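Visitor: here is a sequence with its predicted model. Questions after.
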Amino acid sequence: MKKLLSLMLVLGLMLSAGSALAETIALKVWGSQEDQVMLQEMVESFKAANPDKEYDISFGVVSEADAKTKYLEDPEAAADVFAFANDHLYELVNADALYEVTINKEEIVNANVASSIEAATKDDILYAYPITADNGYFLYYDKSVISEEQVKSLDGILEACNNAGKKMFMDVSNGWYIASFFLGAGCELGLSEDGKQTCNFNNEDGVKAGEAIKAFTADPAFLTGDDAILTGGFGDTIAAGVSGTWNAAAIKEKLGDNYAAAKLPTFTFGEEQKQMSSFGGFKLMGVNTMTMFPEEAMALAQWLTNEENQLKRFQMRSIGPSNKVVAQNEDVLADKALAALAAQAEFAVSQKEVLGNYWQPAEAFGTTMEAKDYSKDIQTLLDEMVAAITN
């Protein structure tokens with residue numbers, strides 16, 4: 001009897017130990033370097049809100065732009081919860097990387113602006129949690145150099161800059177920015193029925209847009225480069241620049257009382273003016289299909305993107321929210337950069353249907369324009385670009 005009791009006790013202890021181990025929920029979260037401190041604070045509040053469960057949550061530094069590539073390298077080693085840019089949604093879904101949102105779906109849909117939900121959806125299935133609605137670009141400018149009237153057109157901005165011996169900055173050799181001319185001209189990027197990239201940037205309107213880019217990059221006031229050149233030059237050599245909210249704090253500090261922002265300007269399109277368009281991007285949070293804890297991973301993803309934490313993102317990093325309530329916060333509404341982004345949103349095009357093979361050919365065309373290489377005409381250059389994109 002004693003032996004039987006001892007055996008039962010040992011078995012009971014083993015089952016108890018096994019149960020305790022099962023209750024430890026191990027999850028990994030990926031986020032950008034700039035988000036690490038913020039994410040750790042959010043995770044601690046998640047743990048505090050769920051005291052009935054034992055969590056072991058680790059972090060990895062992987063930006064939204066790199067998450068898709070990093071995931072595809074080794075899905076099993078990828079994070080359970082990770083942030084990514086919405087133009088990677090289709091490729092991640094096609095790779096069976098994203099767990100369908102099956103918990104609190106209606107609550108998530110109702111909490112966020114419709115465009116962000118659309119950006120997280122494929123074939124009527126919600127695959128991710130919206131984080132931001134600010135992954136776009138607009139115009140920063142020095143209002144001591146450029147008037148509210150001049151800032152409405154690219155010609156007006158360039159005239160003001162030339163008169164003041166200043167520069168207008170735009171990274172034309174980046175496909176994200178250069179698309180603003182083509183999209184503004186009415187050209188389209190899309191997907192064929194078999195899921196391949198379509199592009200008509202080489203049609204008649206595209207050629208006019210290409211000629212506008214050529215004229216812009218040939219102007220004495222034109223300047224290109226990276227973010228460091230943009231933020232470093234404002235208030236000194238630069239009076240206007242195309243960028244996004246991530247540079248707001250640095251530019252505001254440089255310009256002080258002369259800090260201003262607006263939607264993108266119009267550009268000369270043949271004999272008329274066309275409004276520059278933009279890519280309207282969103283940052284999303286996805287759950288890895290290979291996670292061992294799908295329900296807990298979904299709960300964490302929803303927590304990291306909820307109203308409280310979208311407000312925290314704005315307060316800590318001036319990141320624009322997709323959450324409807326946070327978007328109406330008085331501090332958000334008073335933010336000049338976010339107001340300019342909202343004004344540009346009317347002319348923005350979703351980048352959800354932009355595949356990876358678009359970027360390098362578009363960059364090559366922009367690089368040619370920046371180098372003022374006119375050995376080929378615009379039609380030929382665009383034909384080559386489109387062929388590379390669609391093949």
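Guide: Noted; the coordinates are in hand. Residues are numbered from 1 along each chain as shown.
Visitor: how near is residue 252 to residue 345?
Guide: Separation of residue 252 from residue 345 (C-beta to C-beta, to the nearest Å): 21 Å. All C-beta atoms are positioned from the backbone trio N, CA, C, and that covers glycine.
Visitor: what helix or strand is the residue lying closest to residue 383 once chain neighbours are set aside on?
Guide: Among residues not flanking residue 383 along the chain, residue 202 sits closest, at 5.0 Å (C-beta to C-beta, 6 or more residues apart in numbering). Using DSSP states H and E, residue 202 falls within no helix or strand.
Visitor: verify the contact between residue 202 and residue 385 for me.
Guide: Yes: at 7.0 Å, residue 202 counts as touching residue 385 under the criterion of C-beta atoms under 8 Å.
Visitor: who are the packing partners of whichever strand or helix holds residue 314?
Guide: Residue 314 is located in helix 307-317, with elements delineated by DSSP H and E. If contacts are counted by 3 or more C-beta pairs under 8 Å, 6 or more residues apart in numbering; DSSP states H and E, helix 307-317 sits against helix 36-49, helix 324-327, helix 330-333.
Visitor: please enumerate the helices of the stretch 251-391 of the chain.
Guide: Assigned by DSSP state H, counting those that start in this stretch, the helices in the stretch 251-391 of the chain fall at 294-304, 307-317, 324-327, 330-333, 336-345, 359-370, 378-390.
Visitor: how far out from the middle of the chain is the second one?
Guide: Meaning helix 307-317. Taking the mean of its C-alpha atoms, helix 307-317 sits 16 Å from the chain's own mean (C-alpha atoms, centre = their mean, to the nearest Å).
Visitor: re earlier: distance check, the residue nearest to residue 383 against residue 376.
Guide: The gap separating residue 202 from residue 376 is 13 Å, by C-beta to C-beta.
Visitor: and those two? Which one has more around it.
Guide: More crowded of residue 202 and residue 376, by other C-beta atoms under 10 Å: residue 202, with 22 against 12.
Visitor: pull the contacting residues for the more buried one.
Guide: Neighbour list for residue 202: 379, 382, 383, 385, 386 [criterion: C-beta atoms under 8 Å, 6 or more residues apart in numbering].
Visitor: what do you get for residue 385?
Guide: 201, 202, 361, 362, 364, 365.
Visitor: deepest-packed of the helices and strands packed on helix 307-317, please.
Guide: With neighbours taken as mean count of other C-beta atoms under 10 Å, the helices and strands packed on helix 307-317 reach their highest mean count in helix 324-327, at a mean of 18.
Visitor: what's that one packed up against?
Guide: If contacts are counted by 3+ C-beta pairs under 8 Å, 6+ apart, helix 324-327 sits against helix 307-317.
Visitor: could you give the angle of the helix it packs on to helix 36-49?
Guide: Put simply, helix 307-317 runs at 150 degrees to helix 36-49, going by axes from the mean of the first three to the mean of the last three C-alpha atoms, to 10 degrees.
Visitor: mind listing what's buried along helix 307-317?
Guide: Neighbour-count burial for helix 307-317 flags 309, 310, 311, 312, 313, 314, 317 (criterion: 16 or more other C-beta atoms under 10 Å).
Visitor: likewise for stretch 104-120?
Guide: 108, 109, 111, 112, 113, 115, 116, 117, 119, 120.
Visitor: follow-up on the earlier one: can you select the buried ones from the contacts of residue 385 in ChimeraX?
Guide: Selection of buried members from the contacts of residue 385 for ChimeraX, criterion 16+ other C-beta under 10 Å:
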select :201,202,361,362,365
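Visitor: out of the contacts of residue 385, flag the one nearest to residue 298.
Guide: Taking C-beta to C-beta as the measure, residue 298 lies nearest residue 362 of the contacts of residue 385, at 35.6 Å.
Visitor: since we're on residue 220, how many residues are nearby?
Guide: Number of residues near residue 220 (other C-beta under 10 Å) recorded here: 10.
Visitor: and what of residue 215?
Guide: So residue 215, with other C-beta under 10 Å, has 16 neighbours.
Visitor: next, the angle from the helix or strand where it lies to helix 378-390.
Guide: According to DSSP H and E, residue 215 maps onto helix 204-218. Angle of helix 204-218 versus helix 378-390, following the same axes, to 10 degrees, is 110 degrees.
Visitor: so what does helix 204-218 touch, helix or strand wise?
Guide: Using 3+ C-beta pairs under 8 Å, 6+ apart: helix 204-218 touches helix 175-184, strand 266-269, helix 359-370, helix 378-390.
Visitor: got the contact list for stretch 151-170?
Guide: Taking C-beta under 8 Å, 6+ apart as the rule, stretch 151-170 contacts 139, 141-142, 145-147, 149-150, 177, 216, 219-225, 229-230, 233, 237-243, 260, 262, 265-268, 273, 276.
Visitor: for stretch 121-135, list every residue counted as buried.
Guide: Those would be 121, 122, 126, 127, 128, 129, 130, 131, 132, 133, 134, 135, for stretch 121-135 by 16+ other C-beta under 10 Å.
Visitor: kindly report the same for stretch 171-189.
Guide: Buried residues in stretch 171-189 (16+ other C-beta under 10 Å): 171-185, 187, 189.
Visitor: mind showing which ranges of the chain have poor pLDDT?
Guide: For the chain, residues meeting the criterion pLDDT under 70 lie at 1-22.
Visitor: quick check, central residue of it?
Guide: Closest residue to the average C-alpha location of the chain: residue 135 at 3.6 Å, with C-alpha atoms, centre = their mean.
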